[in-house]
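**Student:** Predicted model, plus sequence, below.
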Amino acid sequence: MTRRPGLSVRLRLTLSYAAVILVTGALLLAAVWLFLLRYVPDQALIVRADTPLHGVFPVRSTLLRVFAPRAAALLGFLLVLGLLAGWFLAGRMLAPLTRIADAARAAGQGSLSHRIRMTGRQDEFRELSDTVDTMLGRLESHVAEQQRFAANASHELRTPLAISRALLDVARRDPRHDHAELLDRLHAANTRAIDLTEALLLLSRGTVSREPVDLSLIAEEAAETLLPLAEQRGITLEVTGGVAPASGSAELLLRMVTNLVQNAIVHNLPAGGAVTVHTGDDAGTSVLRVENTGSTLAPDLVPTLTEPFHRGTDRVRGDEHPGVGLGLAIVHSVVRAHGGTLGLCPRAGGGLLVTVRLPGTP
């Protein structure tokens, strides 16, 4: 639908100021007529000299003949003054709004780094400016994160696809190639691509379904699933603690705990390591702790472990579980979607302590 062009806000404010001044002047002139001129006699009066009111009194018609043109000129002057002053004052008042509009227009054209940074007193425009700056900062951070994630995801997805294409090219050139080995390697590459795709879908979810869950039951299920992997590596896997009621998606929370336990097993000592999973309730907050042994982690490495596709190169792991670099990134995404917090702390003797806190339920 086509919108008809209307008056600008500045022009409307100018007309409003001028109208207020004009009406105020007209009311003052009306008050002069009502309380002064109406009591002037319309005919000449002769007053005796011995009275308090003596002298020459003007006639009402004479006063009106002199007063009316000057009153009209005064109203015209007030109108012009109202228009000029209103235009100037409206421009001064709307100048911050113009800056905010320029920033929004620049953001609409893709420039999210622009900030208003308005100074002066804390008023409505200053509050709106600070809100827009905060919004632009979050948008810039979100867009940068999405761009970095998309670039890394494209790179990671290209790897298993390139491996599959290379295997197929080898089989096409050599029909006598061992098909069993080819199928196994294709299956491994396809599995890696599927795992990566599922991980990307988990990271892209913005909302989760809500249902009562118990983190202790989820932890036991994840530990039971990964127990063969722990036994294969000679790692002791133990689940302790009590009930930890929470609200959220059981599927996503199971994936979260599974990723934590799997990371704790894979990034561990070559032999004789241990993984401890503990659940409990802390003043209405459901707590899950996953602790493992391993090599000593640098303090500056720990905050980067939740970034997508970032792998801790100093952590011990085996080649049979190359991973996709999304383990803790998925955990962080799931925890954030459930309104919880994720804490990473390197252990003094080596390894990592991961603490997940979720809002509890009665």
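**Tutor:** It's in.
**Student:** Near residue 101, how many other residues are there?
**Tutor:** 12 (other C-beta atoms under 10 Å). No exception for glycine: its C-beta is placed from N, CA and C like everyone else's.
**Student:** What helix or strand is it located in?
**Tutor:** Per DSSP states H and E, residue 101 falls inside helix 60-108.
**Student:** now do residue 359
**Tutor:** Going by DSSP H and E, residue 359 is in strand 352-359.
**Student:** Surely residue 91 is in contact with residue 10?
**Tutor:** Yes - applying C-beta atoms under 8 Å, one finds residue 91 in contact with residue 10, separated by 6.1 Å.
**Student:** if we can go back for a sec, who does whichever helix or strand comes after the helix holding residue 101 touch, helix- and strand-wise?
**Tutor:** On the C-terminal side of helix 60-108, the nearest following helix or strand under DSSP H and E is helix 124-173. If contacts are counted by 3 or more C-beta pairs under 8 Å, 6 or more residues apart in numbering; DSSP states H and E, helix 124-173 sits against helix 60-108, helix 179-204.
**Student:** worst average pLDDT in the ones you listed?
**Tutor:** Mean pLDDT values for the helices and strands packed on helix 124-173 show the minimum at helix 179-204, a mean of 72.
**Student:** Residue 127 versus the residue most central in space within the chain, what's the distance?
**Tutor:** What sits nearest the mean C-alpha location of the chain, by C-alpha atoms, centre = their mean, is residue 138, with 4.8 Å. Per C-beta to C-beta, to the nearest Å, residue 138 is found 17 Å from residue 127.
**Student:** coming back round to it: measure how the helix holding residue 101 sits relative to helix 124-173, angle-wise.
**Tutor:** If you take axes from the mean of the first three to the mean of the last three C-alpha atoms, to 10 degrees, helix 60-108 sits at 20 degrees to helix 124-173.
**Student:** hmm, back to that, in the strand holding residue 359, what's buried?
**Tutor:** Residues 352, 354, 356, 357, 358 are the ones in strand 352-359 that count as buried (16 or more other C-beta atoms under 10 Å).
**Student:** and those as CSV, adding pLDDT and distance to residue 99?
**Tutor:** Formatted as CSV, the buried residues of strand 352-359 follow (pLDDT from 0 to 100; distance: C-beta to C-beta, whole Å):
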residue, pLDDT, distance to residue 99
352, 88, 47
354, 91, 45
356, 94, 43
357, 94, 41
358, 93, 42
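**Student:** Pipe those residues into TSV and attach distance to residue 160 per row.
**Tutor:** Output for those, formatted as TSV (distance: C-beta to C-beta, whole Å):
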residue	distance to residue 160
352	27
354	27
356	29
357	35
358	33
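**Student:** for the helix or strand encompassing residue 345, packing partners?
**Tutor:** If you go by DSSP H and E, residue 345 is part of strand 341-346. Applying 3+ C-beta pairs under 8 Å, 6+ apart, one finds that strand 341-346 contacts helix 327-337, strand 352-359.
**Student:** which of these has the lowest average pLDDT?
**Tutor:** helix 327-337 (a mean of 79).
**Student:** Thought residue 246 was touching residue 210, still the case?
**Tutor:** No - applying C-beta under 8 Å as the test, residue 210 and residue 246 come out as separate, 9.9 Å apart.
**Student:** which one of the two has more residues nearby?
**Tutor:** More crowded of residue 210 and residue 246, by other C-beta under 10 Å: residue 246, with 28 against 12.
**Student:** what's whichever strand or helix holds that one in contact with?
**Tutor:** Residue 246 is part of strand 245-248 when elements are defined by DSSP H and E. For strand 245-248, the surrounding residues in contact (C-beta atoms under 8 Å, 6 or more residues apart in numbering) are 208-215, 253, 281, 286, 337-338, 358-362.
**Student:** Among the residues you listed, which are located in helices?
**Tutor:** Of the contacts of strand 245-248, the ones assigned to helices by DSSP state H are 215, 253, 337.
**Student:** who are the neighbours in contact with the first one?
**Tutor:** Going by C-beta under 8 Å, 6+ apart, residue 215 touches 244, 245, 246, 253, 257, 279, 286, 288, 358.
**Student:** For it, which non-adjacent residue is closest in space?
**Tutor:** Nearest non-adjacent residue to residue 215, counting by C-beta to C-beta, 6 or more residues apart in numbering: residue 244, 3.8 Å away.
**Student:** where does the stretch 201-350 of the chain dip in pLDDT?
**Tutor:** 201-208, 299-300, 302-327 (pLDDT under 70).
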